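1. give me a 3D structure for the following:
(chains A and B)
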Amino acid sequence: MTFDASGRLPEAFMTPGGSSFMDFLAGYAPDLLPGRRSLGSADFSDQVPHGTTIVAATFPGGVVMAGDRRATMGNIIAQRDIEKVFPADEYSAVAFAGTAGFGIEMVRLFQVELEHYEKLEGATLSLDGKANRLSALIRGNLSMALQGLTVVPLFAGYDPDIKGGRIFSYDPTGGRYEEHHFHSVGSGSVFARGALKKLYREDSSVTDCITAVIQSLIDAADDDSATGGPDMLRRIFPVVGVVTADGYRRLPEDEVAAIVDAAWAERHNRPDGPAAASLT
Amino acid sequence: MSVPFYVSPEQLMRDRADFARKGIAKGRSAIALQYADGILFVAENRSPALHKVAEIYDRMAFAAVGRYNEFENLRIAGVRLADMRGYSYDRRDVTGRALANAYAQTLGAIFSSGGEKPLEVEILVAEVGLSTAEDQIYRLTYDGSIADVRGYAVMGGPADQVAEYVGEHFQEGISLAGALRLAVDALAHDGSEVRQLTPDQLEVAVLDRTRSQVRKFKRISEETLARILSESRPDTTESTDGDAKSEAAESTGSADDTAGASTKDDVPIAPPEDPDDNSPL
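-> Numbers count the residues shown, from 1 in each chain, chains lettered A, B, ... in the order given. This next block holds a predicted model:
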């Protein structure tokens, strides 16, 4: 941070107007923004950790978001206990799949962006407003995405207007799509989505919704080598965040453990997990 | 060639200080007070939208009196500085001391530069610590001078009179309800006659170290304020003298301290329903 000769805060700090932290950074310290760095032309995608599968599903009155704990680097497991699901503010959650370094940076910047707006304006952004800010953030990362360093976030939050949860997915160009009921991103997302399609109930309770989401992550880990299943030896379980009218709550480790243990025990009888109740 | 009038530097600075002081004294007072679980801010402010007290960062708040446009600019600069530091370092590295320094430099530079009018503001930067002893309150005046305050601080309007009242009745470790009662009574004793202040004329916020969220700043809504005030004043007659009244507030204060800090009121910042009710800033 540079101060001018008299020691007073630089002009940029005292300029009125503009409630966006990203816009402030772009004017004052652009090198702190992701996506402003030149990378050369090499493809680094196998040499940096990648986060893998994220799932989200709504239930009446809120939304659940969960992510596995694995980061991979090519064929290597880069980290066993990475966290990919975060509170974006008190009423929303954000998670990422893809290049872990940029993903974490993007989440931090997004969190500050929302809090900054809230403090300057004295009001929170609407859920759509938050979703659009995340779009802008991803768009800034486009040049890196084209070099294989893609980050794809999943955003979910409680919308007071509909008194329920909503889910937004993104593409690497910043396209924003609202998803209904459930969605998944990342390498294991195809399997997770397939599982959720059979397990999801619109009118399920929070606990059932969390269980369905965890089951889908176990299914994803079953078929995708980059997705980490629950690590029963080290007791490393998915991160689960729940957003309701009461705000964001990360499910305590022991509650997740109880659900995982029950699911795991049942899979000793049927390794493929719960079967559909009926065929028609 | 005309010779400019000579004005001595002392005279020049005195004039500028008088100018700023007069501007600040025109408004209403604001009080910051350390209570058992944090720092309480009470300002007389008839506008529900234009705030005198605001959140800066996790453990830090800002209170100001004087010209709104000038201190609002300082507040925005403070939020930007804090968020910038928190983003480039870590949330724990954002300190009240650094912010107070930046404000002091800015106010001082503006005051002593010939080309600008001095800012007609007085501000407080407060940081709540893990215990009362670790709380920090910095008081900054229009000329950039900075003071480290313990216990309580009063600024704006007839600050001396209000501060005198607070000083007479303040004791360390006061409960939230007691502190609130004291601050409201002090604001009412700002002239020759005692005024009756209603909750809609007051802006109240706390930095509550017991709050489970990372962000310790919380506004106290009009309803909660009315409830705490009515509970801490058993008889509503105005005839009792200051001492007796504040003692009554003290004794009942500890009893309804839990009411003041009940979890029901501790909704997360920007609650989903009735945003007007409990606006975050």
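2. which residues touch residue 34?
-> Went with chain A since none was named. Residues near residue A:34 by CB atoms under 8 Å, 6 or more residues apart in numbering or on different chains: A:102, A:105-106, A:109, A:137, A:140-141, A:144. To be clear about C-beta, it is placed using only N, CA and C from the backbone, and glycine gets the same treatment.
3. hmm, I had chain B in mind actually
-> Residues near residue B:34 by CB under 8 Å, 6+ apart: B:40, B:132, B:135, B:137, B:150-152, B:172, B:179.
4. of those residues, just the buried ones, ChimeraX syntax please.
-> The ChimeraX command for the buried members of these (criterion: 16 or more other CB atoms under 10 Å in any protein chain shown) is given here:
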select /B:40,132,135,137,151,152,179
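5. next step: the contacts of residue B:34 restricted to helices.
-> Per DSSP state H, helices hold the following members of the contacts of residue B:34: residue B:179.
6. now distance to chain A and pLDDT too, for the contacts of residue B:34, in TSV please.
-> What follows is the contacts of residue B:34, written out as TSV (distance: CB to the nearest CB, whole Å; pLDDT from 0 to 100):
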residue	distance to chain A	pLDDT
B:40	20	96
B:132	26	92
B:135	21	95
B:137	20	96
B:150	26	93
B:151	27	93
B:152	25	94
B:172	30	91
B:179	24	94
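7. surely residue A:55 is in contact with residue A:63?
-> No. Contact between residue A:55 and residue A:63 fails when scored by CB atoms under 8 Å: they sit 11.0 Å apart.
8. these two: which is more packed in?
-> Between residue A:55 and residue A:63, residue A:55 has the larger neighbour count (other CB atoms under 10 Å in any protein chain shown), namely 33 against 25.
9. distance of the nearest residue to the more buried one once chain neighbours are set aside from residue B:226?
-> Closest residue to residue A:55 apart from its sequence neighbours, by CB to CB, 6 or more residues apart in numbering or on different chains: residue A:184 at 4.4 Å. Here residue A:184 is placed at a distance of 49 Å from residue B:226 (CB to CB, to the nearest Å).
10. which one of those two is surrounded by more residues?
-> Between residue A:184 and residue B:226, counting by other CB under 10 Å, residue A:184 is the more crowded of the two (29 against 14).
11. list the neighbouring strands of the host helix or strand of that one plus their orientation.
-> Assigned by DSSP states H and E, residue A:184 belongs to strand A:182-185. Strands that pair with strand A:182-185, judged by DSSP bridges, come out as strand A:54-59 (antiparallel).
12. continuing past the strand it pairs with, what's the next helix or strand?
-> Next along the chain after strand A:54-59, with elements defined by DSSP H and E, is strand A:62-67.
13. Provide a list of residues in contact with residue A:206.
-> Residue A:206 touches A:59, A:62, A:64, A:242, A:244, counting by CB under 8 Å, 6+ apart.
14. need those residues in JSON lines with neighbour count, can you?
-> Listed next are the contacts of residue A:206 as JSON lines, based on neighbours: other CB atoms under 10 Å in any protein chain shown:
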{"residue": "A:59", "neighbour count": "26"}
{"residue": "A:62", "neighbour count": "22"}
{"residue": "A:64", "neighbour count": "31"}
{"residue": "A:242", "neighbour count": "23"}
{"residue": "A:244", "neighbour count": "20"}
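15. so which of those residues comes closest to chain B?
-> Of all the contacts of residue A:206, chain B sits closest to residue A:244, with 9.2 Å by CB to the nearest CB.
16. right, and that closest one touches residue A:64 too?
-> No. Proximity of residue A:244 to residue A:64 does not meet the contact threshold set by CB under 8 Å, at 9.7 Å.
17. from chain B, how far off is residue A:138?
-> Per CB to the nearest CB, to the nearest Å, residue A:138 is found 18 Å from chain B.
18. ok but that residue is inside a helix, no?
-> Yes. Counting by DSSP: H, G, I helix; E, B strand; the rest coil, residue A:138 falls inside a helix.
19. how close does it get to residue B:88?
-> 21 Å.
20. the two: which is more packed in?
-> Taking neighbours as other CB under 10 Å, residue A:138 and residue B:88 compare with residue A:138 leading, 26 against 12.
21. got phi/psi on the closest residue to the more buried one other than its chain neighbours?
-> Sequence neighbours aside, residue A:174 is the residue nearest to residue A:138 in space, at 4.4 Å (criterion: CB to CB, 6+ apart). Per-residue torsions, residue A:174: phi 100, psi 0 (degrees, to the nearest 10).
22. is it true that residue A:71 touches residue A:81?
-> No. Counting by CB under 8 Å, residue A:71 stays clear of residue A:81, with 9.1 Å between them.
23. of these two, which one has the most company?
-> residue A:71 (24 against 13).
24. beta partners of that one?
-> In this entry, residue A:71 is beta-bridged to residue A:51, residue A:79, by DSSP bridges.
25. which ones are touching it?
-> Neighbouring residues of residue A:71 by CB under 8 Å, 6+ apart: A:49-52, A:77-79, A:82, A:100.
26. what about residue B:223, distance to residue B:50?
-> Relative to residue B:50, and taking CB to CB, residue B:223 is found at 20 Å.
27. what of residue A:152?
-> Using CB to CB, one gets 42 Å for the distance from residue A:152 to residue B:50.
28. helices or strands up against the helix or strand of chain A with the lowest mean pLDDT?
-> Counting by mean pLDDT, DSSP states H and E, chain A has its least confident helix or strand at helix A:142-145, which shows a mean of 80. With contacts taken as 3 or more CB pairs under 8 Å, 6 or more residues apart in numbering or on different chains; DSSP states H and E, helix A:142-145 sits against no other helix or strand.
29. can you give me the buried ones in that helix?
-> Neighbour-count burial for helix A:142-145 [16+ other CB under 10 Å]: A:144-145.
30. tell me the most packed of the contacts of residue A:71, by neighbour count.
-> Of these, residue A:51 is surrounded by the most neighbours, 31 neighbours in total, counting by other CB under 10 Å.
31. which ones are touching it?
-> A:67, A:70-71, A:82, A:84, A:96-100, A:103, A:186.
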